[in-house]
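1. Give me a 3D structure for the following:
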Amino acid sequence: MYINRQIESTILKHVKSPEIIGVVGPRQGGKTTLLRHIFTGIKNSRKSFLTFEDKKILDLFTHSTDDFIKKYVEPNEYLFLDEFHYAKQGGKTLKFIVDTHPVKIFISGSSAAELSIQAVKYLVGRIFLFNLFQLNFNEFLNFKKNLSQKIKLEQAFEEYAVYGGYPRVVLSETKEEKQLVLKNIYNTYFLREVKDILGLADDYKLTQMIKGLALQIGNLVEWNEIGNISELSFETIKTYANFLEKTYTCHFVKPFFKNKRTEIVKNPKIYFYDTGLRNYVVDDFRTLDKRNDGGFLLENVFSLELIKHEIKFNFWRSKKQAEVDFVVSFKEGRKEAFEIKRKVYKNDQNSFSIISFKNQYPEIPVKIMDKTTLPDYFLKLPKL
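-> Numbering: from 1, shown residues only. You can find the predicted model right below:
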């Protein structure tokens, strides 16, 4: 079953352009499904869909480029190369192909880091890259609708916050199956890939680091605490953290500031790219009202919606401990600040943090939102 992804309409605008289309994103995020759907939709054209998980095809592309071109490039108008990141020097070969043959190429890869290393450095000016994340809330609801699952908006939002937006997780009918799928994604796809790329013989310290980060969502990252938990050096932690961000695991948010003397300017906050995966790491799938980290989890969900809609954001914190969760920069140039809470109370607008922020930035309006108002807000976010 295929459910439309919002990014699809943007990609389709470039089907006739000469540039390569690159789709990157996390494992199991739906890249192959999206490419196959686009492939099927191209009618009355010569086309091939290949995956570099097939070693024979990968070897032909890597070691016998001329034969690959004769077999798959010259006969086709469209060529789809799934799992392109397996081609270690693929970018150079791809540049030669697009420079010498009039074929439209689509590629996918499991991370922007891999594609940027293996392909993009050779393809400047020749490729359009698109991020395909896990489902956003609107896509999540469309999945539910197409599954003929009648579900209230509040109930849907609760499920989305706790189990995240991996398509295979959303398709699972029971909580047990959802948790099993998340376990499989974490162990089979994520840890194996990370171990291979980082060249780790033992992933224990890395898993401890990831758990430490998962327990800090919505907070300033405490690098010393991560070091104590994982027994990794500071330099190694920063290297791994950079890798985790580039492979769509964690997102580190920078502070918003104008005055270095009175505002936090360096320490980042952390959120995960999928709340279901994060909750698997900390082994907690309780509902929002039964967990101590419910407010932070809502913050994480809010951050994901902004990321998935390509909206830039920061957080604000003063050196006197006043803090606002999000300062959002919309594409049309306006800014808004957001406080995300488990429940909104009447006097929240008069809190020390919000008053401090308004005194510093009177031109930026502040909204306070909770789990009752967030779903409607998400549905009103502009489509890509």
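2. just the strands in the protein please.
-> Secondary structure of the chain (DSSP state E): strands located at 20-24, 47-51, 78-82, 104-109, 127-131, 250-253, 269-272, 312-317, 323-329, 335-340, 366-369.
3. just so I have it, where are all the helices in the stretch 251-384 of the chain?
-> 275-282, 294-308, 352-360, 374-379 (DSSP state H, counting those that start in this stretch).
4. residues touching residue 290, list them.
-> With contacts defined as Cβ atoms under 8 Å, 6 or more residues apart in numbering, residue 290 is in contact with no residue. In short, each C-beta sits where N, CA and C put it, glycine included.
5. any idea how far it is from residue 216?
-> 21 Å (Cβ to Cβ, to the nearest Å).
6. now swap in residue 343 and tell me
-> Going from residue 343 to residue 216 by Cβ to Cβ gives 23 Å.
7. so where's the stretch 1-150 of the chain shaky on pLDDT?
-> Counting by pLDDT under 70, the stretch 1-150 of the chain shows low-confidence ranges at 111-120.
8. all helices of it, in order?
-> Taking DSSP H, counting those that start in this stretch to define them, one finds helices in the stretch 1-150 of the chain at 7-12, 31-41, 55-63, 65-68, 90-100, 112-118, 137-146.
9. Those helices: which one's closest to residue 227?
-> helix 112-118 (23.3 Å; Cβ to Cβ).
10. Save the helices of the stretch 1-150 of the chain as a markdown table, and put in mean neighbour count too.
-> Output for the helices of the stretch 1-150 of the chain, formatted as a markdown table (neighbours: other Cβ atoms under 10 Å):
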| stretch | mean neighbour count |
| --- | --- |
| helix 7-12 | 16 |
| helix 31-41 | 17 |
| helix 55-63 | 15 |
| helix 65-68 | 14 |
| helix 90-100 | 17 |
| helix 112-118 | 19 |
| helix 137-146 | 18 |
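11. Wait, residue 47 touches residue 38, no?
-> No: in this structure residue 47 lies outside contact range of residue 38 using Cβ atoms under 8 Å: 10.2 Å.
12. which residues do those two both contact?
-> Listed as contacting both residue 47 and residue 38 by Cβ under 8 Å, 6+ apart are residue 80.
13. In contact with the closest residue to residue 250 other than its chain neighbours, which residues?
-> In space, and not counting its chain neighbours, residue 250 is closest to residue 244: 4.6 Å by Cβ to Cβ, 6 or more residues apart in numbering. By Cβ under 8 Å, 6+ apart, the contact set of residue 244 is 194, 210, 213, 250.
14. Just give the number of residues close to residue 23.
-> If you count neighbours by other Cβ atoms under 10 Å, residue 23 ends up with 26.
15. do the same with residue 343
-> That count, for residue 343 with other Cβ under 10 Å as the rule, works out to 11.
16. How much space separates it from residue 284?
-> Residue 343 is 20 Å from residue 284, by Cβ to Cβ.
17. what's the nearest residue to residue 257 if we skip its chain neighbours?
-> Nearest residue to residue 257 in three dimensions, chain neighbours excluded: residue 263, at 3.9 Å (Cβ to Cβ, 6+ apart).
18. Count residues in the vicinity of that neighbour, would you?
-> 17.
19. For it, name its beta-bridge partners.
-> Using DSSP bridges, the bridge partners assigned to residue 263 are residue 318.
20. on that earlier part again, could you point out which of the strands of the chain sits nearest residue 304?
-> It is, among the strands of the chain and with distance given as Cβ to Cβ, strand 269-272, at 7.2 Å.
21. what comes into contact with the closest one?
-> By Cβ under 8 Å, 6+ apart, the residues outside strand 269-272 that reach it are 213-214, 216-221, 249-253, 278, 299-300, 303-304, 315.
22. Of these, keep whichever come out buried.
-> Listed as buried from these are 213-214, 216-218, 220-221, 249-251, 253, 278, 299-300, 303-304, 315; burial here means 16 or more other Cβ atoms under 10 Å.
23. Following the record's annotation, map out the domains of the chain.
-> Domain assignment for the chain, taken from automatic domain parsing, gives 7-131, 137-379.
24. From one end of the first one to the other, what's the distance?
-> Spelled out, it's domain 7-131. 8 Å (Cα to Cα, to the nearest Å).
25. What of stretch 340-360?
-> Distance across stretch 340-360, first residue to last, is 20 Å (Cα to Cα).
26. what's the distance between that stretch and the middle of its chain?
-> The chain centre lies 29 Å from the centre of stretch 340-360; the measure is Cα atoms, centre = their mean, to the nearest Å.
27. Quick check: buried residues in it?
-> Judged by neighbour count (16+ other Cβ under 10 Å), stretch 340-360 contains these buried residues: 340, 341, 344, 351, 353, 354, 356, 357, 358, 360.
28. Check those residues for the minimum pLDDT and say which it is.
-> Confidence by pLDDT is poorest for residue 344 among those, given 91.
29. Next up, the contacts around it.
-> By Cβ under 8 Å, 6+ apart, the contact list for residue 344 reads 368, 369, 370, 372, 373.
30. which residues touch the residue nearest to the first one when sequence neighbours are not counted?
-> The shortest distance from residue 368 to any residue that is not its chain neighbour, by Cβ to Cβ, 6+ apart, is 4.6 Å, and that residue is residue 339. With contacts defined as Cβ under 8 Å, 6+ apart, residue 339 is in contact with 324, 325, 326, 348, 353, 354, 366, 367, 368, 369.
31. what does residue 219 give?
-> Contacts of residue 219 (Cβ under 8 Å, 6+ apart): 269, 270, 296.
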